[in-house]
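Chemist: What would the 3D arrangement of this be:
(chains A, B, C and D)
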Number of protein chains: 2
Amino acid sequence: MPSPYNIEIQNNCTACSRSREQLFCDMSPAAMQTLDAIKFTSLYPKGSVLFVEGEEPRGVFILCSGRVKLTTSSSEGRTLIVKLAEPGEVLGASATILGRPYEVSAETLEPSQLNFIKRDDFLRFLGTHADACMHTAQQLSEKYQAAQREIRSLGLAQSTSEKLGKLLLEWCDLHGEVTPKGTRIKVLLTHEEVAQMIGTTRETVTRLLSEFKRKGILEVKGSTILILRKPELEKLVTI
Amino acid sequence: MPSPYNIEIQNNCTACSRSREQLFCDMSPAAMQTLDAIKFTSLYPKGSVLFVEGEEPRGVFILCSGRVKLTTSSSEGRTLIVKLAEPGEVLGASATILGRPYEVSAETLEPSQLNFIKRDDFLRFLGTHADACMHTAQQLSEKYQAAQREIRSLGLAQSTSEKLGKLLLEWCDLHGEVTPKGTRIKVLLTHEEVAQMIGTTRETVTRLLSEFKRKGILEVKGSTILILRKPELEKLVTI
DNA sequence: GTTGCCGCGTGACAGGCGTCACGCCGCCGC
DNA sequence: GCGGCGGCGTGACGCCTGTCACGCGGCAAC
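Modeler: Numbers count the residues shown, from 1 in each chain, chains lettered A, B, ... in the order given. Below is the predicted model:
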């Protein structure tokens, strides 16, 4: 099916082939049918802001395809990237459930398909479909554990190089492509954004990557990083 | 009723007077009855370890009275206090729901009453009582939002004094007793533990508190802190 | 009393990293 | 071509804060 942003659009959750691998969408046919009835599917270009920290919750977004960054900002303009969301994640669920302002902002990093569900519809959906409620609890548990890992990393790391090392290792596990020479990862973020992920500055990220290169730990080619000596990196990370 | 640790024990959730104010426990009579049937009530002395980070999930603990600290530790022995849990909170829910290891450790800070529910019982309970599942989702949402606040504080703060200031202000909101001279808070933690809450060292906490005293922002008398100039503190905190 | 331990206060010192500043490169639009 | 811009590389500098070290006071055990 042709579509504006060159990604395959999926209008029907029941027929969606991705649903089996995706945590939230894997539920009973009855629930899926209801979901199909209350959801609004949209395609968003890169850089679309889905919701903003502090805004009253309009509802939840289910990420079907694409990537979304969740951020939080200080009053002085410093930004922290809390998480990069992957397909299958539900965004804004906690705020929607509690009726409290969104605690983070969400922005697409690439053209993405999302299903929006209005707050009232979502709450009614959870109340009437036990398995959907259970899935939501699982999603929230996942999110909570991910947040805990983030807290660990931010609060216990001894140095910035440790945090950067940890981030690189996580990316290896998540998207790493193992080659004879080492693990290759595509970093689709700027140094600025990498810095925002570990709570530091662009300059420090640049310097640390140079240091890693100098030590022969990795090689950088454009937007891909080739990790040559993963054990070296793991030795750095003690969290 | 007399009890070992001088706190009033409540054996019956249905009759528990606290349930109205406490998020998790406020559910339908049918669910409460089931809860009463599957829970194990115990009193724990100060310093009891309920579960340890990395351990396979045995089940959840509902904190009836007392206080519990949730911590995470680095492989090198550094400890971060992630949260101080208050009565009404469910501990270990995310790990129990996902069947993954506990992501934090839990230890009582004072004699505390907790209800334990075994994993299988808890999962069955959520599956059969829609309102309990909904309450759990709410609890998890709360926990997630609290974790986000922690991430903000750890990741966006410019300095340690900002983090300490933020912590003091939070305590003012939570337990602060407003007096003509200022807001009084009881800090039942050592400097070491305060340091572990904001990811710094004991010495720095001591020094910062001295600095705050010198500036006339607060007074320390034993374990109580009297915040004299709250606005001054708020000016420090820009997160 | 005295011994030991724990929590707190403080000084000295080094170094990591945030900040500012500048230059380079590649890309896009006109 | 050329100007502008966004992303990256790097140097200089200074401060914050982690680390080590030591002393003091209170408290419990004996």
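
Chemist: middle-most residue in chain A, spatially?
Modeler: A:Ala85 (1.7 Å; CA atoms, centre = their mean).

Chemist: Would you list the phi and psi of that residue?
Modeler: Phi and psi for A:Ala85, reported as degrees, to the nearest 10, are phi -90, psi 140.

Chemist: That one touches A:Val104, doesn't it?
Modeler: No. Counting by CB atoms under 8 Å, A:Ala85 stays clear of A:Val104, with 10.1 Å between them. The way it works is simple: take the backbone N, C-alpha and C, and place the C-beta from them, glycine included.

Chemist: list the residues that contact both of the two?
Modeler: A:Leu70 (CB atoms under 8 Å, 6 or more residues apart in numbering or on different chains).

Chemist: residues in contact with A:Glu232?
Modeler: By CB under 8 Å, 6+ apart, the contact list for A:Glu232 reads A:215, A:217.

Chemist: chain center to the host helix or strand of it, what's the gap?
Modeler: Assigned by DSSP states H and E, A:Glu232 belongs to helix A:230-236. For helix A:230-236, the separation from the chain centroid amounts to 25 Å (computed by CA atoms, centre = their mean, to the nearest Å).

Chemist: Do you know the pLDDT at the residue nearest to the centre of chain A?
Modeler: pLDDT for A:Ala85: 95.

Chemist: Likewise for the one 5 residues further on?
Modeler: Among the per-residue scores, A:Val90 holds a pLDDT of 96.

Chemist: In terms of helix, strand or coil, where does A:Glu107 fall?
Modeler: Three-state call for A:Glu107 (DSSP: H, G, I helix; E, B strand; the rest coil): strand.

Chemist: The lengthiest helix in chain A close to DNA strand C?
Modeler: Ranked by residue count under DSSP state H, the longest helix found in chain A is helix A:130-156. No. If you take CB under 7 Å from any atom of the strand as the test, helix A:130-156 misses DNA strand C, and the best it gets is 11.3 Å.

Chemist: Is that helix in proximity to chain B?
Modeler: Yes. Against chain B, helix A:130-156 shows contacts by CB under 8 Å from any CB of the partner chain at A:130, A:133-134, A:136-138, A:140-145, A:147-152, A:154-156.

Chemist: ok, now stretch A:193-207?
Modeler: Yes. If you take CB under 8 Å from any CB as the test, stretch A:193-207 does meet chain B, through A:Gly199.

Chemist: what's near enough to touch A:Phe116?
Modeler: The contact partners of A:Phe116, by CB under 8 Å, 6+ apart, come to A:39-42, A:59-62.

Chemist: For chain A, which segments count as strands?
Modeler: Remark: strands assigned in chain A by DSSP state E are A:39-44, A:49-51, A:59-65, A:68-73, A:79-85, A:90-91, A:105-108, A:112-118, A:177-178, A:183-186, A:218-221, A:224-227.

Chemist: Just give the closest residue to A:Gly199, not the sequence neighbours.
Modeler: B:Gly155 (4.1 Å; CB to CB, 6 or more residues apart in numbering or on different chains).

Chemist: quick one: that neighbour and B:Lys166, what's the gap?
Modeler: Note on B:Gly155: its distance to B:Lys166, by CB to CB, to the nearest Å, is 12 Å.

Chemist: Looking at those two, which one has more neighbours?
Modeler: The neighbour count for B:Gly155 versus B:Lys166, taken as other CB atoms under 10 Å in any protein chain shown, is higher for B:Gly155 (25 against 21).

Chemist: you'd agree the more buried one is up against A:Leu80?
Modeler: Yes. Applying CB under 8 Å, one finds B:Gly155 in contact with A:Leu80, separated by 4.2 Å.

Chemist: Identify the contacts common to the two.
Modeler: By CB under 8 Å, 6+ apart, B:Gly155 and A:Leu80 have these common neighbours: A:72, A:199.

Chemist: A:Ser153 touches A:Gly165, doesn't it?
Modeler: No. Judged on CB under 8 Å, A:Ser153 makes no contact with A:Gly165 at a distance of 10.4 Å.

Chemist: which parts of the helix holding A:Glu232 are buried?
Modeler: A:230, A:233, A:236 (16 or more other CB atoms under 10 Å in any protein chain shown).

Chemist: ditto for stretch A:173-192
Modeler: Those would be A:176, A:182-185, A:187, A:189, A:191, for stretch A:173-192 by 16+ other CB under 10 Å.

Chemist: Dump those to TSV, plus pLDDT.
Modeler: Formatted as TSV, those follow (pLDDT from 0 to 100):
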residue	pLDDT
A:Gly176	94
A:Gly182	95
A:Thr183	97
A:Arg184	96
A:Ile185	96
A:Val187	94
A:Leu189	95
A:His191	97
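
Chemist: Go through those and name the one nearest A:Val220.
Modeler: A:Val187 (8.8 Å; CB to CB).
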